[in-house]
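K.L.:
show me how the following folds:
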Amino acid sequence: MPIDIETFESSPEDRLQHSGETNADRVMRFLATHPEQAFTQSEIRDATDVKAGSISVVLSRLEDRGLVRHKGNYWALGEVDNVAAYASMLESTRAANDRFGEEDMDEWLEHAVDDADEATE
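P.N.:
Below is the predicted model:
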């Protein structure tokens, strides 16, 4: 995904190494730019560069969440309310990451409660 030149110029190199965009994000972005069309798995795979071994799983998980629809060999963007809720959640997450920084999973795990520890207390 492209970034603006100001971000390119002002960001440290390590910040520009990983976009954080998932395969699901790429599929949703592609389908959202074509809401009036349905595509085969291979068309979606080619347009998003999601690996052939992953596209089926990604689409199935998105379908389980109501974010895409599937009929025959074709896949399309899901119902408007579901997609709007997804987009809102993504925007909220991006805003929080911009304001507070992205979460460090290792740091988070240091403070997470282990269910086994809680059961013995």
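K.L.:
residue 47 contacts residue 29, correct?
P.N.:
No. When contacts are counted by CB atoms under 8 Å, residue 47 is not listed as touching residue 29 (9.9 Å). For glycine as for every other residue, the C-beta is placed from the backbone atoms N, C-alpha and C.
K.L.:
for the protein, what's the longest helix?
P.N.:
Longest helix of the chain, by residue count under DSSP state H: helix 80-100.
K.L.:
residues in contact with it?
P.N.:
Helix 80-100 is contacted from outside by 20, 25, 28, 32, 65-67, 77, 103, using CB atoms under 8 Å, 6 or more residues apart in numbering.
K.L.:
mind listing what's buried in that helix?
P.N.:
Using 16 or more other CB atoms under 10 Å as the test for burial, helix 80-100 gives 82-83, 86.
K.L.:
in whichever strand or helix holds residue 25, what counts as buried?
P.N.:
Secondary structure assignment for residue 25, by DSSP states H and E: helix 23-32. Within helix 23-32, the residues that qualify as buried are 23-28, 30-31, counting by 16+ other CB under 10 Å.
K.L.:
kindly report the same for stretch 48-57.
P.N.:
Across stretch 48-57, burial judged by 16+ other CB under 10 Å covers 48, 50, 55.
K.L.:
give me the phi and psi for the second one.
P.N.:
With angles defined as degrees, to the nearest 10, residue 50 sits at phi -80, psi 140.
K.L.:
so what's the closest residue to it other than its chain neighbours up against?
P.N.:
Using CB to CB, 6 or more residues apart in numbering and skipping residues adjacent in sequence, the residue nearest residue 50 is residue 23, 4.6 Å away. The contact partners of residue 23, taken as CB under 8 Å, 6+ apart, are 48, 50-51, 54-55, 58.
K.L.:
could you do residue 71 as well?
P.N.:
Residue 71 touches residue 38, counting by CB under 8 Å, 6+ apart.
K.L.:
that older thread, following the helix holding residue 25, which helix or strand shows up next?
P.N.:
Going down the chain from helix 23-32, the next helix or strand is helix 41-48, by DSSP H and E.
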